[in-house]
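S.K.: Okay, structure incoming, though there's no sequence with it:
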């Protein structure tokens, strides 16, 4: 990768998301018998989880990348709307959900066993908006446009953008404020997107609107130029699965972006990650070509996760800083937010896997740490490592620590084969992580006593175990640091 995104500018950016909001529910469990009532499997629920879906997943991606977000959409007058609003709200997210008593909040419930979806249950009403709902949305959008750096139209085909004139009103208003409009499209009627800054279809969606099968690069470019001209678009970014992406602008050389080679677990929500990262990149000053390459890296990370999970800035930063071009490194998928880690842990547990947890500052990774990780992994199937954030380390160790930043420490730990997940925590202790993740095993070095292990009582309260692992003698971050200082004083050129 030939550019260096300014992540600080991410925090200064404000993105408006307008679209179809959904609540994604997951029921995790297993099937062990057939019902005596009918020839159907009996699913035993062991865990439940909920995350924002549809346009809500776009918001989650943007929030994870660190920018301010305003989301505007329609929901029902029901409990699902309250739960969705609670999931979306945060320090940098403002929600404006217009309630429509004639429709339920769109809810998709996925039943998952052994990492595979068995069934999806949809509760939704697909219809265009009443005039009063439409006007309420447009008024909120117009009130927000003057303060935002980009607007995303997230069309899941549930009725908002199928409402006559709605999308064109939003695009026209955005043009008046010189705000770029990036569209994640649905269906073959693209007249509603006419004049947008960029549309981000996958190949199948492009074929739908083009009206023909697209075979090969030459036909792809012909189709893209035709669509650009027909709908007066500035840019078109087509995602092509394992073939990567293609970015085109009218009468300019296209940019082909190769895919990121890694194991694909689940493509759910990858399009949301692409449109979110592309839009934030452009809003923060990147060119469309640079932002598309960044979106490609982000998409490569999320397809390595199970279920609908958002990207976060640390994952993206690690992919770029450690791998250089962002095209390699299996540990990219290992650095997760607590919410993402919770979903992944629930999936592992539903698959019968034992979860081991350990934690520390891990400032200057040394053989003692690696010994601890390997022995901890032997105690179960999956190893999660909690890492103290920089501010937490400073409070615990003093103003001169940490030596390595939290992103560097997390990336080094993620590069270890024995580590399955790394979660950075801001608190002084990992108690909140342990309470949320509920590992089967809590492991610490034997330089602690059992009574000194933070989180012991939490783990033992639900039947988990605590293990002390013998340490390697002669390895200490403090001792290593002191030896470096002594050597430096003896030889200033050291």
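M.R.: All right, it came through fine. This structure is a prediction, so every number in the text was calculated from the model and none was measured. Numbering: from 1, shown residues only.
S.K.: can we go C-alpha only for contacts and neighbour counts from here?
M.R.: Will do.
S.K.: Just to be sure, residue 48 is in a helix?
M.R.: No. Read with DSSP: H, G, I helix; E, B strand; the rest coil, residue 48 is strand and lies in no helix.
S.K.: Quick check, it in contact with residue 110.
M.R.: No. Counting by C-alpha atoms under 8 Å, residue 48 stays clear of residue 110, with 10.1 Å between them.
S.K.: And the two? Which one has more around it.
M.R.: Remark: of residue 48 and residue 110, residue 110 carries more neighbours, 19 against 13, as counted by other C-alpha atoms under 10 Å.
S.K.: residues contacting that one?
M.R.: Shown in contact with residue 110 (C-alpha atoms under 8 Å, 6 or more residues apart in numbering): 24-27, 117-121.
S.K.: swap the cut-off to 10 Å and go again
M.R.: 24-28, 116-122, 307 (C-alpha atoms under 10 Å, 6 or more residues apart in numbering).
S.K.: Filter the residues you listed down to the buried ones.
M.R.: Among the contacts of residue 110, those buried by neighbour count (16 or more other C-alpha atoms under 10 Å) are 24-28, 307.
S.K.: List phi and psi for residue 159.
M.R.: Per-residue torsions, residue 159: phi 130, psi -30 (degrees, to the nearest 10).
S.K.: hang on, the earlier thing: which members of the buried ones among the contacts of residue 110 occur in strands, if any?
M.R.: Among those, the members found in strands (DSSP state E) are 24-28.
S.K.: Need the residues touching each of residue 48 and residue 110.
M.R.: 25-28.
S.K.: among these, which two are most distant?
M.R.: Of all pairs drawn from the shared contacts of residue 48 and residue 110, the greatest distance, 9.9 Å, lies between 25 and 28 (C-alpha to C-alpha).
S.K.: Identify the contacts common to the two.
M.R.: Contacts common to residue 25 and residue 28, judged by C-alpha under 10 Å, 6+ apart, are 48-49, 110-111.
S.K.: What is the nearest of those to residue 216?
M.R.: Closest to residue 216, out of all of the shared contacts of residue 25 and residue 28 and judged by C-alpha to C-alpha, is residue 110, at 35.3 Å.
S.K.: in what helix or strand does residue 169 lie?
M.R.: With secondary structure defined by DSSP states H and E, residue 169 is part of helix 166-176.
S.K.: what about the strands in the stretch 151-300 of the chain?
M.R.: Secondary structure of the stretch 151-300 of the chain (DSSP state E, counting those that start in this stretch): strands at 181-184, 198-199, 235-239, 245-249, 255-257.
S.K.: Which positions in the last one come out as buried?
M.R.: I take that to be strand 255-257. For strand 255-257, the neighbour count (16+ other C-alpha under 10 Å) marks 256-257 as buried.
S.K.: chain center to that strand: distance?
M.R.: Here the centre of strand 255-257 is set off from its chain's centre by 23 Å, with C-alpha atoms, centre = their mean, to the nearest Å.
S.K.: Counting by contacts, list what it packs against.
M.R.: For strand 255-257, the packing partners by 3 or more C-alpha pairs under 10 Å, 6 or more residues apart in numbering; DSSP states H and E come out as strand 235-239, strand 245-249, helix 288-302.
S.K.: Out of the ones you listed, name the one with the poorest average pLDDT.
M.R.: Of all the helices and strands packed on strand 255-257, the minimum mean pLDDT falls on helix 288-302 (a mean of 88).
S.K.: what helices or strands is that helix leaning on?
M.R.: Under the contact criterion of 3+ C-alpha pairs under 10 Å, 6+ apart, helix 288-302 touches strand 235-239, strand 245-249, strand 255-257, helix 270-283, helix 313-323.
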